[in-house]
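Enquirer: generate coordinates for the sequence data below:
(one chain, ligands or ions: 1)
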Amino acid sequence: MTLDLETCRRAPKALLHDHLDGGLRPATIIELADATGYADLPSTDVDELGRWFAEAADSGSLVRYLETFAHTVGVLQTEAALHRVARECAEDLAADGVVYAEVRMAPELCTSQGLALEQVVEAMLAGFAEGERVTAERGTPIVMRLLLTAMRTAARSSEIAELVVRYRDAGVVGFDIAGAEEGYPPTRHLDAFEYLRRENAHFTIHAGEAFGLPSIWEALQWCGAERLGHGVRIMDDITIDERGRAHLGLLAAYVRDRRVPLEMCPSSNVQTGAARSIEEHPIGLLRTLGFRVTVNTDNRLMSGTSLSREMHLLSGAFGYGLADLQWLTVNAMKSAFIPFDQRLRIINEVIKPGYAALALADLTMG
Ligand SMILES: [Zn+2]
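Expert: From the prediction side, this is the model:
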């Protein structure tokens, strides 16, 4: 039986892979464009703009998909805009039942009107803090943490890595590289990763989304990534024999056996062609094989999605019930970059009681 969307929304969830510039509210984009003099929006009607984003993301054209970010990034060039979007991100995630989120952003994209990288980071952190405050007052508390992303096609990764270390006690919990994967291997940014390792800092790497096993191998074995953004192409190292048994290659076995978390984003993976459909998404098999899989949103605006919706879709495709949602959520929480005692507290005091209450409600509803 498929869990309905409302049940998925009420279930406590943890989110590790969500881009701040992929989650703006259409109405906010229009207001910010107006306030900051950004004149390139394809529409200034809220519904039409929302549809435009969804259609561009669904078009199968990478060019159109990337064009969507030109607009969201275009309105994220002031401290006020960054603060507001970060606060609204916390509010929207909390309303969706997310209790812990690591949201990422590339500060270098927000400096075209003169903001310093530090101003960008501080505005986002202040927005998250305010979002935590207002959602706690509403009775739907969320813990918001920031990951700083460097663009893999650019050359500022060492600078961004230094920011991660500088702001580690202020809400920044990790580092990431994102952007075009093919032709831009993670080892291009080896200096940044080696610096972070020497500083005992955490990082994840977008790998195995558009490009295959070499990208995953470099991310893990050369760069030392703790988690993989997407990682769907690990499937290339798994073969199924004629009797239906799965055989893991050395890299796939390493990922599973070392419990490397995979930040999977079902709808986004289908839109970018990394998976054929939700029903055929590798998460089904990888979960059965015992990989440390987690469910994420990637870009809520472009994919017209939420974490509840992703869970709902997976429930429809693979028959996941509340116990599966709890397993996926605990997987994510175990893989978070905050300290171990804080992770345990959220698992034991928020996630497990939340699912127990839902299961009980399910029983009494008959
Ligand atoms: Zn991503």
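
Enquirer: show me how this protein divides into domains.
Expert: Domains of the chain are assigned by automatic domain parsing as 5-24+77-365, 27-75.

Enquirer: turn those into a markdown table, including mean neighbour count and mean pLDDT.
Expert: Backbone N, C-alpha and C define where each C-beta goes, glycine included. Supplementary listing: these in a markdown table, determined by neighbours: other Cβ atoms under 10 Å; pLDDT from 0 to 100:
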| stretch | mean neighbour count | mean pLDDT |
| --- | --- | --- |
| domain 5-24+77-365 | 19 | 96 |
| domain 27-75 | 16 | 91 |
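
Enquirer: tell me where the stretch 51-200 of the chain has strands.
Expert: Taking DSSP state E, counting those that start in this stretch as the test, the strands found in the stretch 51-200 of the chain are 98-105, 143-151, 172-178.

Enquirer: of those strands, which approaches residue 57 most closely?
Expert: Within the strands of the stretch 51-200 of the chain, the stretch nearest residue 57 is strand 172-178; the backing value is 16.0 Å (Cβ to Cβ).

Enquirer: that closest one to strand 98-105, inter-axis angle?
Expert: Between strand 172-178 and strand 98-105, the angle formed by their directions is 50 degrees, by axes from the mean of the first three to the mean of the last three Cα atoms, to 10 degrees.

Enquirer: next SSE after the helix or strand residue 310 falls within?
Expert: Counting by DSSP states H and E, the element that carries residue 310 is helix 307-318. Moving toward the C-terminus from helix 307-318, the next helix or strand (DSSP H and E) is helix 322-334.

Enquirer: give the other helices and strands that the helix or strand that comes right after that following helix contacts.
Expert: Elements were assigned by DSSP H and E; along the chain past helix 322-334, the next helix or strand is helix 340-346. Contacting helix 340-346 under the criterion 3 or more Cβ pairs under 8 Å, 6 or more residues apart in numbering; DSSP states H and E are the following elements: helix 322-334.

Enquirer: show residues contacting the helix it packs on.
Expert: The set of residues external to helix 322-334 that reach it, using Cβ atoms under 8 Å, 6 or more residues apart in numbering, is 3, 7-8, 11-16, 100, 261, 287, 292-296, 311, 315, 318, 320, 343, 346-347, 351-352, 355, 358-359, 362.

Enquirer: quick one: it to chain centroid distance?
Expert: When distances are taken as Cα atoms, centre = their mean, to the nearest Å, helix 322-334 is centred 16 Å away from the chain's centroid.

Enquirer: only alpha carbons, please: show it as PDB.
Expert: Extracted as PDB, the C-alpha positions of helix 322-334 are listed here (Å, rounded to 0.1, in the frame of the first residue of the first chain):
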ATOM      1  CA  LEU A 322       6.700   3.800   7.600                       C
ATOM      2  CA  ALA A 323       9.400   1.400   8.700                       C
ATOM      3  CA  ASP A 324      11.200   1.900   5.400                       C
ATOM      4  CA  LEU A 325      10.900   5.700   5.700                       C
ATOM      5  CA  GLN A 326      12.300   5.500   9.200                       C
ATOM      6  CA  TRP A 327      15.200   3.400   8.000                       C
ATOM      7  CA  LEU A 328      16.000   5.900   5.200                       C
ATOM      8  CA  THR A 329      15.700   8.800   7.700                       C
ATOM      9  CA  VAL A 330      17.900   7.200  10.300                       C
ATOM     10  CA  ASN A 331      20.400   6.500   7.500                       C
ATOM     11  CA  ALA A 332      20.400  10.200   6.600                       C
ATOM     12  CA  MET A 333      20.700  11.300  10.200                       C
ATOM     13  CA  LYS A 334      23.600   8.900  10.900                       C
END
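
Enquirer: tilt between it and helix 307-318?
Expert: Between the axis of helix 322-334 and that of helix 307-318 there is an angle of 130 degrees, by the same axes, to 10 degrees.

Enquirer: for residue 116, which of the strands of the stretch 51-200 of the chain is the nearest?
Expert: strand 143-151 (13.9 Å).

Enquirer: what's the distance between residue 75 and residue 236?
Expert: Residue 75 sits at a distance of 38 Å from residue 236 (criterion: Cβ to Cβ, to the nearest Å).

Enquirer: can you check residue 198 too?
Expert: For residue 198, the distance to residue 236 under the criterion Cβ to Cβ works out to 32 Å.

Enquirer: pretty sure residue 210 sits against residue 182.
Expert: Yes: the pair residue 210 and residue 182 qualifies as a contact (Cβ atoms under 8 Å) at a distance of 5.9 Å.

Enquirer: show me what contacts residue 293?
Expert: Under the criterion of Cβ under 8 Å, 6+ apart, the contact partners of residue 293 comprise 261-262, 264, 283, 286-287, 328, 331.

Enquirer: who does it form a beta bridge with?
Expert: Per DSSP bridges, residues listed as beta-bridge partners of residue 293: residue 262.

Enquirer: residues touching the closest residue to residue 54 other than its chain neighbours, list them.
Expert: Taking Cβ to Cβ, 6 or more residues apart in numbering as the measure, residue 54 lies nearest to residue 304, with 4.5 Å between them; neighbours along the chain are not counted. Listed by Cβ under 8 Å, 6+ apart, the contact partners of residue 304 are 50, 53-54, 57.
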